[in-house]
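[1] Fold the following for me, if possible:
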Amino acid sequence: MEKLLQVEKLETQFTKDKQKIKILHGVNFHIHQGEVLGLVGESGSGKSITSLSIMKLFKGTSGEINSGRILFNGDEDLINKSETEMRKIRGKQIAMIFQEPMTSLNPVMKIGEQLLEPIRLHLGLEEKKAKEHAVSILKKVGIPRAEEIMNEFPHQLSGGMRQRIMIAMAISCNPQLLIADEPSTALDVTIQAQILDLMKQLQQKEKMSVLLITHDLGVVAEMCERVVVMYAGRVVEEADVFDLFESPKHPYTKGLIASVPKLGQKKEKLDSIKGNVPNPSELPKGCKFAPRCNDVMPICYEQEPPELNLENARSCSCWLYKEERGGIRV
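    Numbering: from 1, shown residues only. Presented below is the predicted three-dimensional model:
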């Protein structure tokens, strides 16, 4: 399959109190045409900043891309695009479903106004055609009373309905890549299942590529084909979804999978990963996961592990997998 998106050695930083704090440290991954890629990790691991970097959505913040490449559709580097050029790409070629449907919609604008804006901008349809297209998109995402809801405000809708509106806005211009940042976090379990099923159906029907950002490994197992695991602004493991769950390599990935409760398994205490994700301004020396790792070795506290290519087209950044054990340094 052709690669639709390639992120290469991406570094993003923010400025706080005149100090530059690096959030992303040489992030590498790619997404194939029509593929669903999962980006997982705890809160604070850099998942959302990665998505904002791809979209270049740092206006009003101190965030900036320090180095690296974001290749879209071959050799088109998004980092070199101006804001005007990015506005033509956002919504049309790359769309995003934001984390909070409750706050992502403008509370003082009707649903129809918000939905019609990208349709008019990117598709150039006249008012009547644009409205017909908007209504058809609302029906496609399973919204009843589509014509009436066009004239309603966000506060009049439930969380599940608002999330469907967000999905409708994202797919309204048939994007090649859909970035979904925790699309079901604020929803109850029943609505969450409906939203994920809807996304899966739309992805398969429209042949979209999807970057699914989540900390829920159950969602990953259900939706994704490959998985990228992030920790402290770095990619620590990448693998096919079946290989990842069958045989996780990195101690962090093992900890994440072990911490998921399993039906029928009786335990007095659930497994967990000790400690917390480190503060980006106070990162430990060597491997950033070393203070929390059960397999830690002396070298882990001294040197950051290289990214190694392992069997079955997977990679892992851990000193447990050195060159002599089958890994090839990237």
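[2] Pairing partners for the residue nearest in space to the middle of the chain in the sheet, please.
    In the chain, the centroid-proximal residue (Cα atoms, centre = their mean) is residue 213; its distance is 2.8 Å. Applying DSSP bridges to residue 213 gives these bridge partners: residue 39, residue 181.
[3] May I have the secondary structure class of residue 54?
    helix (DSSP: H, G, I helix; E, B strand; the rest coil).
[4] and what of the one 5 residues further on?
    Following three-state DSSP, residue 59 is assigned to coil.
[5] what's residue 161 in contact with, if anything?
    143, 149 (Cβ atoms under 8 Å, 6 or more residues apart in numbering). For glycine as for every other residue, the C-beta is placed from the backbone atoms N, C-alpha and C.
[6] looking at it, the residue nearest to the centre of the chain is touching residue 185, isn't it?
    No. Checked against Cβ atoms under 8 Å, the pair residue 213 and residue 185 is beyond contact range at 10.0 Å.
[7] Low-confidence stretches in the protein?
    Applying pLDDT under 70 to the chain flags the ranges 101-102, 186, 323-330.
[8] let's see it at 80
    1, 75, 99-103, 184-192, 261-268, 270, 312, 322-330 (pLDDT under 80).
[9] Most remote residue from the middle of this protein, which is it?
    Most peripheral residue of the chain (Cα atoms, centre = their mean): residue 128, 34.6 Å.
[10] pretty sure that residue is in a helix, no?
    Yes. Per three-state DSSP, residue 128 lies within a helix segment.
[11] Which helix or strand contains residue 4?
    strand 3-16 (DSSP states H and E).
[12] And the next helix-or-strand element following that strand, what does it pack against?
    Next helix or strand after strand 3-16 toward the C-terminus (DSSP H and E): strand 19-32. Contacts defined by 3 or more Cβ pairs under 8 Å, 6 or more residues apart in numbering; DSSP states H and E place strand 19-32 against strand 3-16, strand 36-40, helix 47-55, strand 64-72, strand 209-214, strand 234-240.
[13] Switch the ones you listed over to JSON lines; also include distance to residue 123.
    As requested, these are arranged in JSON lines below (distance: least, Cβ to Cβ, whole Å):
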{"stretch": "strand 3-16", "distance to residue 123": "21"}
{"stretch": "strand 36-40", "distance to residue 123": "25"}
{"stretch": "helix 47-55", "distance to residue 123": "20"}
{"stretch": "strand 64-72", "distance to residue 123": "20"}
{"stretch": "strand 209-214", "distance to residue 123": "20"}
{"stretch": "strand 234-240", "distance to residue 123": "35"}
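[14] how long is stretch 144-158 from one end to the other?
    End-to-end distance for stretch 144-158, by Cα to Cα, to the nearest Å: 13 Å.
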